[in-house]
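Trainee: from the sequence below, what's the structure:
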Amino acid sequence: MPPVPFADALRVWFKIGLISFGGPAGQIALMHRLIVEERGWISEQRFLHALNFCMLLPGPEAQQLATYTGWLLHKTWGGIIAGVLFILPGFVLIVAISWAYVTLGDLAWMQGLLFGLQCATLAIVVQAVLKVGRKALKHPLLWGIAGLSFLGIFAFNLPFPLIIFAAAGLGLIGARALPAVFAPSQDAAAPAERPAASPPLAWTVRILLAGAALWGLPVLLLVLTLGLGHVFTDQALFFSKMAVVTFGGAYAVLAYMTQQAVERYGWLAPGEMVQGLALAETTPGPLILVLTYVGFLAAWRDPGALSPELAGVMGATLSTWVTFVPCFLWIFLGAPYIERLRDHRGLSAALTAITAAVVGVILNLSLWFALHVLFTEVNRWEGYGLHLLVPVPGSLNLAALIIGAAAILALMRFKIGLMTVLAACAGAGLALA
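Mentor: Numbers count the residues shown, from 1 in each chain. Modelled structure (predicted):
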């Protein structure tokens, strides 16, 4: 196929940013649908290869996958545009919701609208798990790895890096013992998928210095001018630290962030944090964008010489900036080298096994999302080494079940367009508010 026009990619990335609901599972599903299935801009194998790398990085894997894919299509500017547009709509919406919350207090209509979109995302998630699973798991052994990965996370709460490294080890063994199983099928490469040349050392150094400056200089200037203990300085330091410890995606670090924001810094009350998490789950963009809400409220309540409105927007922007700039840095530094190693026999086998494990991870994320959409109360049961999410049967949300089931039928049975389904579900949610 011919090279992808930049204007076409720009429109698609903006569309993804506007409708990327459902946390990482829904967002990965959406990108897979729009970029791999509908347009064929990159192959299934290349998409999963990029996803595997992003799963190993700190930070939101779906946003980094968008950045990686944008880089594949149009190099550095493509990656910047894709990554920024993935965040921007959700950021603007959360800032607006945060302002409405502190000034108006009643967001029932907004929550109803977002509830409907969240139900629609169930259909996208279910469809993605089925399609990615069918294409990535082409042998019973790979199904077994996916199943063990799912059980390891869902039932035993095993660390995400442990599961990935275990899968990589199985892949390396499989490369010698069963090469036919662990050798990935070769897709016809589109022009955007040609093997990348080794990046010059000078280019790597420039990217490293630019990323470090964009990330570190604002933090240093805040420390030098405002000093430690100022709300902006605390936000810059805390969320910079968060940017390098969020392995395994947002779910792995939300509890820690909640504890620090509420108990250590006192930026907001426990109930407000719960509301922020609910809003972040139902708005487009990465779930970790809840930090935008936290940054807004923290600065609003401690504005210093600034107006609360200006301080809130600055706090939200600062928190988001220091969290996401490192995400771009990891991709631009690592992607060229990962691309060079794509055809390495041992690495390919390891990534085949990791792909199977990632299917299990996506299934876990999808089940987590579905349980929290369909039930208003979900408890964690622990015993005999198990850590299970158990929904309270009486808390089943019948409206969510009906809207979600209708969306699944519309997309998968009647092949109704995605935007039509999203609009219908949003209208249903608004009517119920």
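Trainee: name the SS class of residue 382, please.
Mentor: For residue 382, the assignment made with DSSP: H, G, I helix; E, B strand; the rest coil gives strand.
Trainee: ok, the nearest residue to it once chain neighbours are set aside - contacts?
Mentor: Of all residues not flanking residue 382 in the chain, residue 388 sits nearest, at 7.7 Å (C-beta to C-beta, 6 or more residues apart in numbering). Backbone N, C-alpha and C define where each C-beta goes, glycine included. By C-beta atoms under 8 Å, 6 or more residues apart in numbering, the contact set of residue 388 is 154, 155, 380, 381, 382.
Trainee: try residue 128
Mentor: Residue 128 touches 25, 26, 28, 29, 30, 32, 33, 362, 366, counting by C-beta under 8 Å, 6+ apart.
Trainee: please name the bridge partners of the residue nearest to residue 382.
Mentor: residue 381 (DSSP bridges).
Trainee: so where's the stretch 201-350 of the chain shaky on pLDDT?
Mentor: Confidence mapping of the stretch 201-350 of the chain against pLDDT under 70 gives the ranges 245-256, 271, 274-275, 277-278, 281-282, 342-343.
Trainee: excluding its backbone neighbours, what's nearest residue 358?
Mentor: Leaving aside its sequence neighbours, residue 358 sits nearest to residue 55 (C-beta to C-beta, 6+ apart; 5.7 Å).
Trainee: what of residue 108?
Mentor: residue 433 is the one closest to residue 108 (C-beta to C-beta, 6+ apart), at 5.2 Å.
Trainee: please report how far that neighbour lies from residue 419.
Mentor: Counting by C-beta to C-beta, to the nearest Å, the gap from residue 433 to residue 419 is 21 Å.
Trainee: comparing these two, which residue is more hemmed in?
Mentor: Between residue 433 and residue 419, counting by other C-beta atoms under 10 Å, residue 433 is the more crowded of the two (14 against 11).
Trainee: identify the residues contacting the more buried one.
Mentor: 108, 109, 111, 112, 113, 115 are the contacts of residue 433 under C-beta under 8 Å, 6+ apart.
Trainee: would you list those residues in a markdown table and tack on neighbour count?
Mentor: Below are the contacts of residue 433 laid out as a markdown table (neighbours: other C-beta atoms under 10 Å):
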| residue | neighbour count |
| --- | --- |
| 108 | 8 |
| 109 | 11 |
| 111 | 18 |
| 112 | 18 |
| 113 | 21 |
| 115 | 24 |
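Trainee: mind putting the residues you listed into TSV with secondary structure, distance to residue 102 and pLDDT?
Mentor: As requested, the contacts of residue 433 are arranged in TSV below (DSSP: H, G, I helix; E, B strand; the rest coil; distance: C-beta to C-beta, whole Å; pLDDT from 0 to 100):
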residue	secondary structure	distance to residue 102	pLDDT
108	helix	16	72
109	helix	17	74
111	helix	16	73
112	helix	20	81
113	helix	20	77
115	helix	22	82
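Trainee: good, wrapping up.
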